[in-house]
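Engineer: Coordinates for the following, if possible.
(one chain, ligands or ions: 1)
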Amino acid sequence: MKTSAQTSALFFPFDLFGHSGTRRGAELLADAFQEMLADNKREKLPTRSRAYAAKVRFEEFPLDTPDSYRTWRADARAAIRAVWDRDDFLLWVSGNHLGVLPAYDELASELASRNVLVLQLDAHLDIYNLADCTAELSHGNFLMHVDGRLPPIVNVGHRELLLTPQYIAKYYRQTFSGAELALDPEPALLAVQEACADAEAVFLDIDCDVFDPAYFPAVVHPVPMGLSPQLLVRFLEAAWSPRVVGCAFSEFDPARDRNDVSLSTLMWLIEYLLLRRHERSRNRP
Ligand SMILES: [Mn+2]
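Structural biologist: Next up is the predicted model:
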């Protein structure tokens with residue numbers, strides 16, 4: 001896979017069949033992202049942002065007509081496909097987690113030709129089939145609805161206490177629960193590093209509820225025993241290589257934020273990823 005020269009930052013405020021406050025989250029991040037680019041442009045002194053300033057393509061999907069919802073999945077897939085056809089790095093910011101399904105669809109379509117891996121940071125394993133869950137497509141079961149064969153997924157940070165290991169293993173290559181990470185994160189860091197080193201393309205899927213609510217209050221249903229942002233950065237670094245083809249963020253519900261601490265965390269991570277991707281000194285083989 002070629003090293004990509006550009007980043008395509010696509011904001012897709014989809015929030016149907018899941019948490020509706022998250023639409024505003026994707027819109028707010030789109031605003032903050034544009035503000036960051038504008039601030040960088042105004043700055044006359046050299047800053048590290050020059051590494052990526054000319055390399056970012058921004059696009060926001062308004063999703064404001066019934067028609068845009070009728071074709072949301074195909075439209076999102078086409079947009080993602082175009083990014084990867086250009087060998088761009090994909091930054092995909094969705095409303096709820098279901099809005100990341102089109103990226104999984106596209107990764108599934110690549111499985112025949114290359115070895116793809118998803119590193120999913122999420123409090124939930126989105127394969128729920130329990131009595132109180134709908135069998136229809138939803139944010140809680142969307143991995144069961146991927147178009148084609150499910151790509152190999154490693155989950156880090158889930159807080160699952162109900163689903164059996166046998167059932168989980170049908171969908172996940174490997175999982176590391178929040179409790180396991182609390183005891184010792186090193187085995188998980190090593191496993192992530194090895195799995196990502198073996199893959200030809202790695203996609204990072206960050207659901208904001210993976211964070212511990214103490215650090216990141218802005219989610220609809222906070223779940224305890226989550227990751228600190230510091231530990232999440234360690235996992236990003238364990239996964240990182242020029243073969244990371246993109247990163248998704250979802251489930252940010254700004255109405256529940258506290259002094260914008262969650263917003264700042266996400267913007268910090270987004271800028272960190274841009275530098276990670278485009279600062280030449282940090283991407284030597
Ligand atoms: Mn989740």
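Engineer: CA only for contacts and neighbour counts going forward, please
Structural biologist: Noted.
Engineer: got the residues of the stretch 101-250 of the chain near the ion?
Structural biologist: 122, 123, 124 (CA under 5 Å from the ion).
Engineer: As TSV, these with secondary structure, pLDDT and neighbour count would be great.
Structural biologist: Shown next, in TSV, are these (DSSP: H, G, I helix; E, B strand; the rest coil; pLDDT from 0 to 100; neighbours: other CA atoms under 10 Å):
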residue	secondary structure	pLDDT	neighbour count
122	coil	97	25
123	coil	97	27
124	coil	94	21
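Engineer: List just the nearest of these to residue 84.
Structural biologist: residue 122 (23.7 Å; CA to CA).
Engineer: Apart from its neighbours in sequence, what residue is nearest the closest one?
Structural biologist: residue 210 (4.4 Å; CA to CA, 6 or more residues apart in numbering).
Engineer: can you give me the strands in the stretch 151-285 of the chain?
Structural biologist: Here the stretch 151-285 of the chain has its strands, by DSSP state E, counting those that start in this stretch, at 153-158, 174-177, 201-207, 244-250.
Engineer: Could you dump those strands into TSV and include distance to residue 261 and mean neighbour count?
Structural biologist: Below are the strands of the stretch 151-285 of the chain laid out as TSV (distance: least, CA to CA, whole Å; neighbours: other CA atoms under 10 Å):
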stretch	distance to residue 261	mean neighbour count
strand 153-158	20	25
strand 174-177	24	20
strand 201-207	16	23
strand 244-250	16	25
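Engineer: and those as TSV, adding distance to residue 20 and mean pLDDT?
Structural biologist: TSV is the format used below for the strands of the stretch 151-285 of the chain (distance: least, CA to CA, whole Å; pLDDT from 0 to 100):
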stretch	distance to residue 20	mean pLDDT
strand 153-158	22	98
strand 174-177	26	98
strand 201-207	15	98
strand 244-250	12	98
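Engineer: JSON lines please, covering these and showing distance to residue 34.
Structural biologist: Below are those laid out as JSON lines (distance: least, CA to CA, whole Å):
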{"stretch": "strand 153-158", "distance to residue 34": "30"}
{"stretch": "strand 174-177", "distance to residue 34": "35"}
{"stretch": "strand 201-207", "distance to residue 34": "21"}
{"stretch": "strand 244-250", "distance to residue 34": "16"}
